[in-house]
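what's the 3D shape of this:
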Amino acid sequence: MDPNRSSMPIREISHRISLVFMLSLAAALLLLGRAETYVFDNARQVVTDLAAPLLELASRPVAAARRAVEKSDEYAYVFDENERLRAENQRLMAWKDTALKLEAKVARYEALLNVQVDPSINYVSGRVVSDNGGPFVDTVIVNVGREQGAKSGDAVIDTDGMIGRIVATGEKASRVLLLTDLNSRLPVVIEPGHYKAVLSGDNTAWPKLEYLMATSSVSPGDRVVTSGDGGLIPPGLPVGLVIQTSDGNLRVQSFANHERLDYVRILKYEFPTNVARQDPPALLTGPPVKAAPAPTAAPAAPIPGAPAPATPPASSIKPKPAAAKPATTKPVTAKPGAAKPVTTSPAAPAAPASTTMSPVPDEPAEPDEEEAPQPPTEVAPDNAPAGQE
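Numbering: from 1, shown residues only. Reported below is the predicted structural model:
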């Protein structure tokens with residue numbers, strides 16, 4: 001007989017009995033719980049207090065195992081997270097550089113706008129794009145040309161003061177001659193004494209003052225501004241401070257640092273040439289004076305033989321020739337031996353006078369009066385008898 005087959009009915013019976021027992025116990029507890037709730041609440045609380053330390057001890061390894069699993073998951077994705085953080089860091093660094101550049105640009109613009117310039121003077125802002133400085137030339141190139149209205153002679157300033165003027169312009173760029181260049185000449189005024197001079201560059205960091213009056217009392221630390229003489233540079237632009245070198249010469253230390261030029265401003269200054277006329281007050285001019293009529297020229301005397309000026313020249317008017325004078329004869333004493341008397345011919349009539357008033361037609365001139373030529377006069381010889389002519 002197989003022992004496994006004999007144990008099968010016993011196992012099934014035990015399972016059924018246990019099921020019936022559990023259901024009966026649950027029903028009894030449910031009924032008792034509803035009837036006497038405080039008894040079961042107390043019992044439940046006692047069981048909870050006894051099981052709490054055991055549950056705490058049992059939960060610690062479970063929590064540790066959970067943290068270990070989480071860390072293992074993090075370690076599994078740490079490479080991807082590292083790559084993501086690196087890319088994000090690069091983007092943030094790019095934005096940081098952009099923000100710093102914009103902050104510096106705004107600061108320079110604000111400093112540039114704080115320069116006190118006459119409101120009537122228009123300007124164009126630009127940036128220094130090239131530095132052509134050297135031992136023999138001191139110029140820079142800005143990205144402002146004729147398209148923006150720049151022209152030769154315009155003053156150029158930065159956040160600190162004047163740096164030079166434009167000497168050549170292109171379509172999109174211009175060349176600026178700095179104050180320190182050898183070819184730079186700038187009329188200035190030294191304050192507060194208002195002494196005028198010429199700031200002359202000599203390719204050094206400190207331009208020198210020329211044509212300064214010997215009686216002027218200029219001391220180091222005096223402020224130098226543009227004078228505006230000549231009408232090319234506006235007056236009042238800050239230039240620098242007066243310093244005295246070791247050799248005793250007065251030079252100017254400019255406010256602008258030519259080594260770090262960046263954003264500049266080109267001033268479009270127009271010298272005021274159209275000045276409105278202002279008449280003096282009526283008390284100074286007195287009563288109005290009537291203007292005298294303009295004198296008229298007297299008519300010219302008529303020229304003999306010229307046509308009248310009021311009528312057109314007529315071809316029938318002819319100039320009158322000058323009258324021919326008769327020839328005069330002088331008695332000639334005949335020498336002995338002369339057989340024939342000496343005769344003289346009459347003078348030829350004079351040519352008609354020419355006039356410049358009107359052209360004379362080509363017609364033969366006819367004299368008004370014709371005179372007959374005088375007969376020749378005979379001269380008697382010296383040996384003629386008395387009483388004979």
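
for residue 18, helix, strand, or coil?
At residue 18 the chain is in helix, as set by DSSP: H, G, I helix; E, B strand; the rest coil.

hang on, isn't residue 153 packed against residue 232?
Yes: at 5.1 Å, residue 153 and residue 232 qualify as touching, with contact defined as Cβ atoms under 8 Å. C-beta coordinates here come from the backbone N, C-alpha and C atoms, glycine included.

Overlap in contacts, the two.
Here residue 153 and residue 232 share the contacting residues residue 165, scored by Cβ atoms under 8 Å, 6 or more residues apart in numbering.

Check which element follows the helix ranked longest in the chain along the chain.
Secondary structure assigned by DSSP state H gives helix 37-76 as the longest helix of the chain. Helices and strands here follow DSSP states H and E; after helix 37-76, the next one along the chain is helix 78-113.

next SSE after that following helix?
Downstream of helix 78-113 (by DSSP H and E), the next one is strand 122-131.

okay, that following strand in CSV with CA atoms only?
C-alpha atoms of strand 122-131 as CSV (Å, rounded to 0.1, in the frame of the first residue of the first chain):
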residue,chain,number,x,y,z
ASN,A,122,24.9,115.5,-34.3
TYR,A,123,27.2,112.4,-33.9
VAL,A,124,27.7,108.9,-35.1
SER,A,125,29.0,106.1,-32.8
GLY,A,126,31.5,103.6,-34.1
ARG,A,127,34.3,101.2,-33.0
VAL,A,128,38.0,101.2,-33.5
VAL,A,129,38.7,98.2,-35.8
SER,A,130,42.4,98.6,-36.5
ASP,A,131,45.4,100.3,-34.9
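
got the angle between the strand or helix carrying residue 163 and strand 122-131?
If you go by DSSP H and E, residue 163 is part of strand 162-169. Our comparison of strand 162-169 with strand 122-131, counting by axes from the mean of the first three to the mean of the last three Cα atoms, to 10 degrees, yields an angle of 80 degrees.

Give me the contact list for strand 162-169.
Taking Cβ under 8 Å, 6+ apart as the rule, strand 162-169 contacts 139-140, 145-146, 150-157, 174-179, 181, 184, 186, 226, 232-233, 237-239, 254, 256, 258, 261, 264, 266.

I'd like to know which of the residues you listed are buried.
139-140, 145, 150, 154-157, 174-179, 181, 184, 186, 226, 232-233, 237-239, 254, 256, 258, 261, 264, 266 (16 or more other Cβ atoms under 10 Å).

what are the pairing partners of the strand holding residue 163, and which direction each?
When pairs are called by DSSP bridges, strand 162-169 turns out to pair with strand 155-157 (antiparallel), strand 174-178 (antiparallel).

List the contacts of stretch 213-227.
For stretch 213-227, the external contacting residues (Cβ under 8 Å, 6+ apart) are 155, 162, 186-193, 195-196, 199, 209, 212, 233-244, 250, 252.

could you dump that stretch to CSV, C-alpha only?
Extracted C-alpha coordinates of stretch 213-227, given in CSV (Å, rounded to 0.1, in the frame of the first residue of the first chain):
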residue,chain,number,x,y,z
MET,A,213,52.3,133.7,-24.8
ALA,A,214,55.4,134.3,-22.7
THR,A,215,53.4,136.3,-20.2
SER,A,216,50.8,133.6,-19.6
SER,A,217,50.7,132.0,-16.2
VAL,A,218,50.1,128.4,-16.9
SER,A,219,50.8,125.8,-14.2
PRO,A,220,50.7,122.0,-14.2
GLY,A,221,47.3,120.7,-13.6
ASP,A,222,45.4,123.3,-15.7
ARG,A,223,42.7,121.9,-17.8
VAL,A,224,43.0,122.0,-21.6
VAL,A,225,40.0,122.1,-23.9
THR,A,226,39.5,122.9,-27.6
SER,A,227,39.1,126.5,-28.6
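
quick check: mean pLDDT across that stretch?
Averaging pLDDT along stretch 213-227 yields 90.

Now do the buried residues in it.
For stretch 213-227, by 16+ other Cβ under 10 Å, it's 218, 222, 224, 225, 226, 227.

same deal with stretch 237-247?
In terms of neighbour count (16+ other Cβ under 10 Å), stretch 237-247 has its buried residues at 237, 238, 239, 240, 242.

Kindly reformat those as TSV containing distance to residue 53 and secondary structure.
Output for those, formatted as TSV (distance: Cβ to Cβ, whole Å; DSSP: H, G, I helix; E, B strand; the rest coil):
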residue	distance to residue 53	secondary structure
237	89	coil
238	85	strand
239	89	strand
240	87	strand
242	92	strand
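
out of those residues, which one sits closest to residue 28?
Residue 28 lies nearest to residue 238 out of the buried residues of stretch 237-247, by Cβ to Cβ, at 105.8 Å.

Excluding covalently adjacent residues, which one is nearest to the closest one?
residue 161 (3.8 Å; Cβ to Cβ, 6 or more residues apart in numbering).

How confident was the prediction at that neighbour?
Looking at residue 161, its pLDDT is 89.

List the contacts of it.
Residues near residue 161 by Cβ under 8 Å, 6+ apart: 115, 237, 238, 239, 240, 254, 255, 256.

tell me the contacts of the fourth one?
Residue 239 sits next to 161, 162, 179, 186, 188, 199, 224, 225, 226, 252, 254, 255 when contact means Cβ under 8 Å, 6+ apart.

Tell me which stretches of the stretch 151-300 of the chain form helices.
Using DSSP state H, counting those that start in this stretch, the helices assigned to the stretch 151-300 of the chain run over residues 282-285.

Now residue 249: closest residue in space, sequence neighbours ignored.
Here the residue nearest residue 249, using Cβ to Cβ, 6+ apart, is residue 208, at 6.2 Å.

What ranges in this structure fall below the confidence cut-off?
1-8, 32-40, 110-118, 133-136, 274-389 (pLDDT under 70).

Tell me how many other residues crowd the closest residue to residue 130 other than its chain neighbours.
Nearest residue to residue 130, sequence neighbours excluded (Cβ to Cβ, 6+ apart): residue 141, at 4.1 Å. Using other Cβ atoms under 10 Å, residue 141 has 17 neighbouring residues.
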